[in-house]
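Engineer: dropping the sequence and predicted coords here.
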Amino acid sequence: MSMTAFQALNGLTFAALLFVVASGFTLIFGLMSIVNLAHGALYLFGGYLALTAAMHGANFFVAVVIAALALAIAGLVIDRALLRFVKGFELRQVLLTLGVAFMLNDLALVIWGGDTFTVPVPELMQGAFRVGGLAYPRYRLFVLVFGVLIFAGLWLLLNKTRLGALIRAGVDDAEMVDAMGIDIKRVFVYTFMLGAALAGIGGALGGAFLSLYPTADSEILVYSLAVVIIGGRGSLAGAAIGALFVGMLATFGQVWFPELAYFVIFGPMAILLAFRPLGLFGRAA
Amino acid sequence: MKRAAMVAACLAAMAFVPALLPGYNTTLVTEMLIFATLAMSIDILAGYAGRTPLCHGAIFGVATYVVLYYASVAGGNVWVGVLLGIAAGTLTAVVFALLAIRTSGVYFLLLTLAMGMIIWGICLRWTSVTGGENGIRGTVKPEWLADQARFYYFVLVVTALTTAAMWRFVSSPFGLTLRGIKESESRMRALGYNVSLHLFIGFTVSGFFAAIAGALYAFYNSFVSPSTVALGQSVEGLLMAIVGGVGTLFGAFIGSVVIIALENFVSLYTERWSMVMGAVFILAMIFAPEGILGKIYSLLARRREARAAPLSKSSTATGS
């Protein structure tokens, strides 16, 4: 099997993980205009919680659900207890979430320490999957499938349900939705919880193949930023394409220019943003 | 005149620091001065041009890296290293500025954050030059500055000069155009100003001063590692500017004193500085986004208004 095909699969599976994390980020950004810089910390917490659950004998999928639920609650708390005080001030919101990120990161360091952990993968997904001379870790393929499922689920949610219609309407014009007698605040809260839960799921999934360590949060945050900036705020398709772009660049960049891997990802992003400040699929807010 | 007297009084008071607060405390005040310069450079963009940057830690750190690399690893002359460091930091700012000036608001913040992360990633991975996680260690401070008090005076003089230069810059007609851009970009454009060019120059000047602070930090710390260029550094600098009062310039001194004093105080009892810093950030955003000096200014303005109010009332009475 050629090295390139292997790397392309690596890029694809990394992109799937990035999509799961960044979709939550872009939903919150698109609807609420909040750039949640605590998203990386939420990812890290999701991973650590799944790890703890798995250590206590929980099934992998149960651990993922636990992470998602716990993070949804964390999202509720952050939104209701802190963000509501700075509603409407874009910059203050961002900087507040930055403060939350620092606190959560330090809290994780207190609870789980500075060592590197990996969430244990269920037996079913251990080992390699073989198709004609091609051997590839089963778990990574599972993440790929999972990412596609999340995309499909979110697409259905946004396009086929009432809540989805409200979220889409809110992205376009929150005030108008409010004026029509719909409690947009509740939609905001649900979206924030959903976004946080997606970060938690991403942490649990990523914790099993990228492993968890204290600076993993800022790394995944910056990747998500790149995805959302490239794809444009609030766009699911944009997040998917952005994730593919960043996932591939990150994987091949690390192989070809290991010392400049960061530059390979963020160089194109910076140049793109300089010419299309709202991203590929972004619309002016 | 009044302002000149105040500045002279402040400088005179600062001159007694080594006598009044000897030993470690002098070193601490030296650090406060260095970081005040960094915070002021951030304030040029955040407070005057209305663009909040999260990349100044990287610009600052690039200067530190270059000074330490040139003077310690490559064995060159220290002062040449300082010039190279400032040039490298300013050049970094130029590149950042070229890409970032087209954006505003959160996008500016995010783009500068991402660019800062590129620098961090390079410093972490380019181990053959930067030493990776281990960083670069080396006492590059010239011998005549080895004495604590003397080094303090050196930093004090440099800071006084950079502060005067930055004050001159933001209160110049050019600085006023930056303020105009903050208030309304479209109006400035309609008035015929080249907004992008003005922002570019503003960004570059801001980066230049951040680089000076970074070069001083190389003297101060004799060590640099990726954490010097990390997001945390940019955030701490921004926090100082915000706590002091964005758009006040001198607030940066209050901010850096408060934050560094707090950092040292907290470190006595616990290692949880990061958590405290996060909490300060959250509280500042909720309760005091205008900062300490900003609050004082607005209180003074209100008092002045109250004193002026009866006068204006009588004048309208005579008018009617």
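Structural biologist: Arrived safely, thanks for sending. Worth saying up front: this structure is predicted, and the values here are computed from it rather than measured.
Engineer: show me where chain B has strands.
Structural biologist: Applying DSSP state E to chain B gives strands spanning B:136-137, B:223-224.
Engineer: which neighbours does the first one have in its sheet, and in what orientation?
Structural biologist: So the one you mean is strand B:136-137. Sheet pairing of strand B:136-137 (DSSP bridges) gives strand B:223-224 (antiparallel).
Engineer: hang on, the earlier thing: B:Gly85 is nearest to which of the strands of chain B?
Structural biologist: Nearest to B:Gly85, of all these, is strand B:223-224, at 10.4 Å by Cβ to Cβ. Glycine gets a C-beta too; all of them are placed from N, C-alpha and C.
Engineer: tally of neighbours for B:Val140?
Structural biologist: 21 (other Cβ atoms under 10 Å in any protein chain shown).
Engineer: grab the nearest non-local neighbour of it.
Structural biologist: B:Ala71 (4.0 Å; Cβ to Cβ, 6 or more residues apart in numbering or on different chains).
Engineer: low-confidence ranges, the chain, go.
Structural biologist: In the absence of a named chain, this looks at chain A. Along chain A, segments meeting pLDDT under 70 span A:1, A:132, A:273-274, A:277-278, A:281-285.
Engineer: not what I meant, chain B
Structural biologist: B:1, B:309-320.
Engineer: contacts only, for the closest residue to chain A within it.
Structural biologist: Residue nearest to chain A within chain B: B:Gly121 (2.6 Å; Cβ to the nearest Cβ). Residues counted as contacts of B:Gly121 (Cβ atoms under 8 Å, 6 or more residues apart in numbering or on different chains) are A:261-263, A:266.
Engineer: please redo it, this time with the cut-off set to 7 Å
Structural biologist: Applying Cβ atoms under 7 Å, 6 or more residues apart in numbering or on different chains to B:Gly121 gives the contacts A:261-262.
Engineer: quick one: A:Leu134 and chain B, what's the gap?
Structural biologist: 30 Å (Cβ to the nearest Cβ, to the nearest Å).
Engineer: list, one by one, the residues from chain A near chain B.
Structural biologist: Of all the residues in chain A, those in contact range of chain B (Cβ under 7 Å from any Cβ of the partner chain) are A:35, A:82, A:85-86, A:90-92, A:94-96, A:98-100, A:102-103, A:105-107, A:218, A:222, A:225-226, A:229, A:258-263, A:266, A:269-270, A:273-274, A:277.
Engineer: count the residues that sit near A:Ile150.
Structural biologist: Using other Cβ under 10 Å, A:Ile150 has 19 other residues around it.
Engineer: just the CA trace of the helix or strand harbouring it, in CSV.
Structural biologist: Element membership for A:Ile150, per DSSP states H and E: helix A:138-160. This file holds the C-alpha atoms of helix A:138-160, laid out as CSV (Å, rounded to 0.1, in the frame of the first residue of the first chain):
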residue,chain,number,x,y,z
ARG,A,138,-10.3,0.2,12.3
TYR,A,139,-10.9,2.9,14.9
ARG,A,140,-9.9,5.7,12.6
LEU,A,141,-12.3,4.4,10.0
PHE,A,142,-15.0,4.4,12.7
VAL,A,143,-14.3,8.1,13.4
LEU,A,144,-14.7,8.8,9.7
VAL,A,145,-18.1,7.1,9.6
PHE,A,146,-19.0,8.8,12.8
GLY,A,147,-18.1,12.2,11.3
VAL,A,148,-20.3,11.5,8.3
LEU,A,149,-23.1,10.5,10.6
ILE,A,150,-22.8,13.6,12.6
PHE,A,151,-22.9,15.7,9.4
ALA,A,152,-26.0,13.9,8.3
GLY,A,153,-27.6,14.2,11.7
LEU,A,154,-26.9,17.9,11.9
TRP,A,155,-28.1,18.5,8.3
LEU,A,156,-31.4,16.8,9.1
LEU,A,157,-31.7,18.7,12.4
LEU,A,158,-31.0,22.0,10.6
ASN,A,159,-33.1,21.4,7.5
LYS,A,160,-35.9,19.1,8.6
